[in-house]
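Asks: here is the input, now give the coordinates:
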Amino acid sequence: MSDHTADDQHTRFMQLYTELASSGTPKQSAQLLCARAEAYSPDESVWACANGLGLLDALMIDDAAVSANNVEDLQELITDAIVGASVRGLFVGQRALRAATAAAPDAGGSHAPKPSPALKARNGHRIPGL
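Replies: Model prediction:
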């Protein structure tokens, strides 16, 4: 795992989850649920996939990992994969939500072309420096 303590990771996870779960439109919520991120355990024997809210969608455990590890080691491998996928899922969801918010017309992210200086001048807008 990383340098952060489990409590720090849990706190950050809950902050991001709350932010993502409580914001956005139904379309953005659907985008969060469709966003995916995956992670492996350090030995790549456990794979986890989470959605954009950081919630676990899938978990695969290699049969060899079950037979080769004791319960505590297997639990650590599973936890590493789940935490990695959840955190990555949250960040993917956060990025998707920011992109959707920036693209919304009321947020100033409209994809409509900006009028050229010549068009503004024709419409009576004053252009600085002219």
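
Asks: contacts and neighbour counts: CA atoms only from here.
Replies: Fine.

Asks: enumerate every residue touching residue 56.
Replies: By C-alpha atoms under 8 Å, 6 or more residues apart in numbering, the contact set of residue 56 is 48-50, 82, 85-86.

Asks: name the residues of stretch 74-89 that are buried.
Replies: Across stretch 74-89, burial judged by 16 or more other C-alpha atoms under 10 Å covers 74, 77-89.

Asks: a markdown table for these, including secondary structure?
Replies: As requested, those are exported to a markdown table (DSSP: H, G, I helix; E, B strand; the rest coil):
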| residue | secondary structure |
| --- | --- |
| 74 | helix |
| 77 | helix |
| 78 | helix |
| 79 | helix |
| 80 | helix |
| 81 | helix |
| 82 | helix |
| 83 | helix |
| 84 | helix |
| 85 | helix |
| 86 | helix |
| 87 | helix |
| 88 | helix |
| 89 | helix |
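
Asks: what's the weakest-modelled helix or strand in the chain?
Replies: helix 117-122 (a mean of 56; mean pLDDT, DSSP states H and E).

Asks: picking up where we left off before, I'd like the buried residues of stretch 74-89 as a markdown table, with distance to residue 18 appended.
Replies: Below are those laid out as a markdown table (distance: C-alpha to C-alpha, whole Å):
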| residue | distance to residue 18 |
| --- | --- |
| 74 | 30 |
| 77 | 26 |
| 78 | 24 |
| 79 | 21 |
| 80 | 22 |
| 81 | 22 |
| 82 | 19 |
| 83 | 17 |
| 84 | 18 |
| 85 | 17 |
| 86 | 14 |
| 87 | 13 |
| 88 | 15 |
| 89 | 14 |
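
Asks: farthest pair within the residues you listed?
Replies: 74 and 89 (22.4 Å; C-alpha to C-alpha).

Asks: could you pull out the strands in the protein for me?
Replies: Using DSSP state E, the strands found in the chain span residues 36-40, 46-51, 56-61.

Asks: between the ones you listed, which gets nearest to residue 28?
Replies: strand 46-51 (12.9 Å).

Asks: right, I'll call it a day here.
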